[in-house]
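Asks: when you get a sec, could you give me coordinates for this:
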Amino acid sequence: MKKSERGLLTDIRVIVLLLCVFAALFAIYVYPPPPVTAKVNADIDESAVSSFLKKELGAEVNYEGEGIYEIRPGVSEERLSEALKGINGSIAEKANEEPFFYGAGLNGNLRFGLDLVGGTQLELKLEGILVRIDAPASVNASTVREFLEKELDTEVTPYKTDKEGTYEYEIRKRVTKEQLSEVLKGINGTIAKKPTGEDFFEEAVTQGTIDETRQIIDTKINMLGLASTTIRTVGNNLMIIDFAGIDIRTAKDIVGNPGKFEIRMQTEGVGGDVRKGQRLEEIDNITAHVMYGSEGIERVETVPKSQTQSWRGEVIEEWGAPFSLTEEGATALRDSAIEHGAINNPADHQLAMLLDDEVVYSAPIADDACKRLEEELIYSWTANTGTGDEGKSDARELIIHLKAGALPVNVKVIGSGEVPAYLGAKFKEGAIIAGLFALISVTLVVFLRYREKKIVLPMFFALLSEVILILGFATVFNWQLDLPSIAGIIAVIGTGVDQLVIITDEVLSGGRSSTRMYRKRISFAFGIIFVSAATTIVAMSALAYATYQALTALTGFALVIIVGLLFGILITRPAYARIIETIL
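Replies: Numbers count the residues shown, from 1 in each chain. Have a look, this model is predicted:
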């Protein structure tokens, strides 16, 4: 091996490039194991199959319709077949009697958006009002809230907006300014004015409501096994959801219809036999129905409740989900607790809560509550979820379940679109062809300019490496590639070849010279490249973090260009400059 070649292979810039490319390929094709797709024969519904496989395989299971499931990370055919025996299921067969089971192929661990795999996009408007109210000093925020909830028949939440105690009210229902003004006359109140003289009245919801809505939809999606779904928020009351692989009717049902919430009492077995994540069919014979949420639950609070306790000399904060029962619900719970012995032995007669036939909470009734139930009905309850941040997070999740997945505000579908699966596959095929064509085309143009294979091949490798690094980055961060993202990759190829040409021309312009002069010319080239990349990154950042609805579709395009430029100036360009220095 020549001295120059040994120097090239030991150069830190080249080594970093090679290691990054190998790491990207490893992430795409090796670990975690790429997903597998299988068609399943089972007697239970698809959400139950998804839930069962998630628990058995410890994997993300995405239902794609027609009995077909994507499992990621992938498992072997034998392991899947063994797992399906637990629900008397099996892998379906194709027409040629081969198992309907296949791997990801060249896609590896890459994820694709609905425009490349088919699916539905919904644009939702969250209907609510943010308003400030001027009321007499004798009328406090709690009184205003209770009055508005009664008059408007909706949930109203007051928020402190400053240290002076100014309140802003979120009305979780669409009302007109005139309607609200008329209602406020009942407490001698009016809509407050801004410093500009305009009414402090806005069709919007708080960030907390946006986050709650997003979490509820996300929870419902995961419970249905529709993991390949992205949710984006735009402004203060718009939400865009991409449902990959499902039709528009199903998508609207997911968003608009609440689930079935049920409370059951453990009748047999011991504590721990009923666990979170189990299906109704697994616990049906050891539990008894108490009530459905729609019949027995009157109100669910919007925020978790905490109480401090002293334990072993330490003060701990325990969290829970507060809710109230109707008289019918309180009676049903008391009768069930007495009938099945929960009052005398709560540890072995746990109270289980199910959403869409899946256990979301199970715990014994507190001892003090058992004593009270012997004598009276209990209307107000708190389902304890634990301590610390985890307990608080679990309480928030349980509040969502108690509401049966009902959204905190009404949502209006203001836009929708559907891409059939076959059309998505065509788009993906066309996008891949366009990317390869761009890579080959720019390489051909470079060859026509320099007529030197020893220049063209390193340049081609540098551009290909950049594409691989972008795809590896997308894989590691579970980033869905869509058509704008593919367009961004093609744009990165174009800007990349421009910068490589600048480096090459600077090297060739002075002919053979000393290392010092060579480094000086390379530094000049990199000065141009850094300035060009910096201005492009700044421009693309405006698109990457755009909050305007019309621009959010270009987020993938902007992010790909930013990531590609960073990989270029930090990894591929320095390595290419070193290679050119060695071979020319």
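
Asks: across the sheet, point out what pairs with residue 292.
Replies: Assessed by DSSP bridges, residue 292 has beta-bridge partners residue 262.

Asks: show me where the stretch 201-350 of the chain has helices.
Replies: Secondary structure of the stretch 201-350 of the chain (DSSP state H, counting those that start in this stretch): helices at 207-223, 248-256, 280-283, 293-296, 327-339.

Asks: ok, now the stretch 351-500 of the chain?
Replies: Using DSSP H, counting those that start in this stretch, helices in the stretch 351-500 of the chain cover 367-373, 388-402, 421-450, 453-476, 483-509.

Asks: so which of these is nearest residue 130?
Replies: The closest of the helices of the stretch 351-500 of the chain to residue 130 is helix 388-402. By C-beta to C-beta, the value is 21.7 Å. Where C-beta positions appear, they are placed from N, C-alpha and C, glycine not excepted.

Asks: sorry, back to before: in CSV, list the helices of the stretch 201-350 of the chain along with distance to residue 136 and mean neighbour count.
Replies: Formatted as CSV, those follow (distance: least, C-beta to C-beta, whole Å; neighbours: other C-beta atoms under 10 Å):
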stretch, distance to residue 136, mean neighbour count
helix 207-223, 28, 18
helix 248-256, 40, 16
helix 280-283, 53, 17
helix 293-296, 38, 17
helix 327-339, 35, 18
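
Asks: distance to residue 87 and mean pLDDT added to these, as CSV?
Replies: Formatted as CSV, the helices of the stretch 201-350 of the chain follow (distance: least, C-beta to C-beta, whole Å; pLDDT from 0 to 100):
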stretch, distance to residue 87, mean pLDDT
helix 207-223, 17, 81
helix 248-256, 23, 77
helix 280-283, 9, 88
helix 293-296, 26, 81
helix 327-339, 29, 94
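
Asks: reformat those as CSV; add distance to residue 401.
Replies: As requested, the helices of the stretch 201-350 of the chain are exported to CSV (distance: least, C-beta to C-beta, whole Å):
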stretch, distance to residue 401
helix 207-223, 8
helix 248-256, 16
helix 280-283, 14
helix 293-296, 9
helix 327-339, 16
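
Asks: for residue 488, find the nearest of the ones you listed.
Replies: Of all those, it is helix 207-223 that lies closest to residue 488, at 25.4 Å by C-beta to C-beta.

Asks: residue 102 and residue 423, how far apart?
Replies: For residue 102, the distance to residue 423 (C-beta to C-beta, to the nearest Å) stands at 21 Å.

Asks: any chance of the helices of the stretch 351-500 of the chain in CSV, with mean pLDDT too?
Replies: Formatted as CSV, these follow (pLDDT from 0 to 100):
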stretch, mean pLDDT
helix 367-373, 92
helix 388-402, 84
helix 421-450, 84
helix 453-476, 93
helix 483-509, 89
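
Asks: next secondary structure element downstream of the worst-scoring helix or strand of the chain on mean pLDDT?
Replies: Every helix and strand in the chain was compared by mean pLDDT, DSSP states H and E; the lowest is helix 3-9, with a mean of 59. Downstream of helix 3-9, the next assigned helix or strand under DSSP states H and E is helix 12-29.

Asks: parallel or antiparallel, list what pairs with the longest strand seen in the chain.
Replies: Identified as the longest strand of the chain according to DSSP state E is strand 314-325. With DSSP bridges as the test, strand 314-325 is paired with strand 297-300 (antiparallel), strand 305-311 (antiparallel), strand 380-387 (antiparallel).

Asks: out of the ones you listed, which comes closest to residue 403?
Replies: For the strands paired with strand 314-325, the distance to residue 403 is smallest for strand 297-300, at 5.2 Å, taking C-beta to C-beta.

Asks: got a list of contacts for the closest one?
Replies: 261, 291, 321-326, 329, 379, 399, 402-403 (C-beta atoms under 8 Å, 6 or more residues apart in numbering).

Asks: residue 196 - that's part of a helix, no?
Replies: No. Residue state for residue 196 (DSSP: H, G, I helix; E, B strand; the rest coil) corresponds to coil; a helix is not indicated.

Asks: ok, it - contacts?
Replies: Taking C-beta under 8 Å, 6+ apart as the definition, residue 196 has no contacts.

Asks: residue 347: how many residues sit nearby?
Replies: Counted with other C-beta atoms under 10 Å, residues neighbouring residue 347 total 14.

Asks: find the residue closest to it in space, skipping its chain neighbours.
Replies: Closest residue to residue 347 apart from its sequence neighbours, by C-beta to C-beta, 6 or more residues apart in numbering: residue 271 at 4.5 Å.

Asks: give me the number of neighbouring residues for that neighbour.
Replies: Applying other C-beta under 10 Å, we find 15 residues neighbouring residue 271.

Asks: then residue 583?
Replies: 14.

Asks: right, and it touches residue 454 too?
Replies: Yes. Between residue 583 and residue 454 there is a contact under C-beta atoms under 8 Å: 5.1 Å.

Asks: hmm, back to that, nearest to residue 181, of the helices of the stretch 351-500 of the chain?
Replies: Across the helices of the stretch 351-500 of the chain, closest to residue 181 is helix 388-402 (C-beta to C-beta), at 32.4 Å.

Asks: packing partners for that closest one?
Replies: Applying 3 or more C-beta pairs under 8 Å, 6 or more residues apart in numbering; DSSP states H and E, one finds that helix 388-402 contacts helix 207-223, strand 297-300, strand 314-325, strand 351-355, strand 358-363, strand 380-387.

Asks: would you turn these into TSV with distance to residue 182?
Replies: Listed next are those as TSV, based on distance: least, C-beta to C-beta, whole Å:
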stretch	distance to residue 182
helix 207-223	25
strand 297-300	26
strand 314-325	30
strand 351-355	39
strand 358-363	41
strand 380-387	33
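
Asks: and the ones you listed: which comes nearest residue 338?
Replies: Residue 338 lies closest to strand 351-355 among these, at 13.5 Å (C-beta to C-beta).

Asks: quick one: that closest one to strand 314-325, angle?
Replies: Here strand 351-355 points in a direction 60 degrees away from that of strand 314-325 (axes from the mean of the first three to the mean of the last three C-alpha atoms, to 10 degrees).

Asks: hey, C-alpha coordinates of strand 351-355 in CSV?
Replies: Output of strand 351-355 as CSV, limited to C-alpha atoms (Å, rounded to 0.1, in the frame of the first residue of the first chain):
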residue,chain,number,x,y,z
LEU,A,351,-61.6,-2.4,41.7
ALA,A,352,-60.7,-2.6,38.0
MET,A,353,-61.3,0.1,35.4
LEU,A,354,-61.4,-0.9,31.7
LEU,A,355,-61.4,1.3,28.5
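
Asks: distance from that strand to the middle of the chain?
Replies: Its chain's C-alpha centre and that of strand 351-355 lie 25 Å apart, by C-alpha atoms, centre = their mean, to the nearest Å.

Asks: so for that strand, mean pLDDT?
Replies: Summarised as a single mean, pLDDT over strand 351-355 is 91.

Asks: which residues touch it?
Replies: With C-beta under 8 Å, 6+ apart, strand 351-355 has contacts from 223, 259-266, 274, 280, 283, 287, 290, 342, 359-365, 383, 398, 401-402, 404-405.

Asks: cool, and stretch 523-533?
Replies: Here stretch 523-533 makes contact (C-beta under 8 Å, 6+ apart) with 495, 498-499, 502-503, 505-507, 565-566, 568-569, 573, 577.

Asks: in CSV: those residues, plus neighbour count.
Replies: Conversion of the contacts of stretch 523-533 to CSV gives the following (neighbours: other C-beta atoms under 10 Å):
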residue, neighbour count
495, 18
498, 12
499, 23
502, 17
503, 24
505, 13
506, 20
507, 19
565, 24
566, 14
568, 25
569, 18
573, 27
577, 25
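
Asks: find the nearest non-adjacent residue to the residue minimising distance to the centre of the chain, please.
Replies: Nearest to the mean C-alpha position of the chain, by C-alpha atoms, centre = their mean, lies residue 230 at 5.6 Å. In space, and not counting its chain neighbours, residue 230 is closest to residue 242: 4.7 Å by C-beta to C-beta, 6+ apart.
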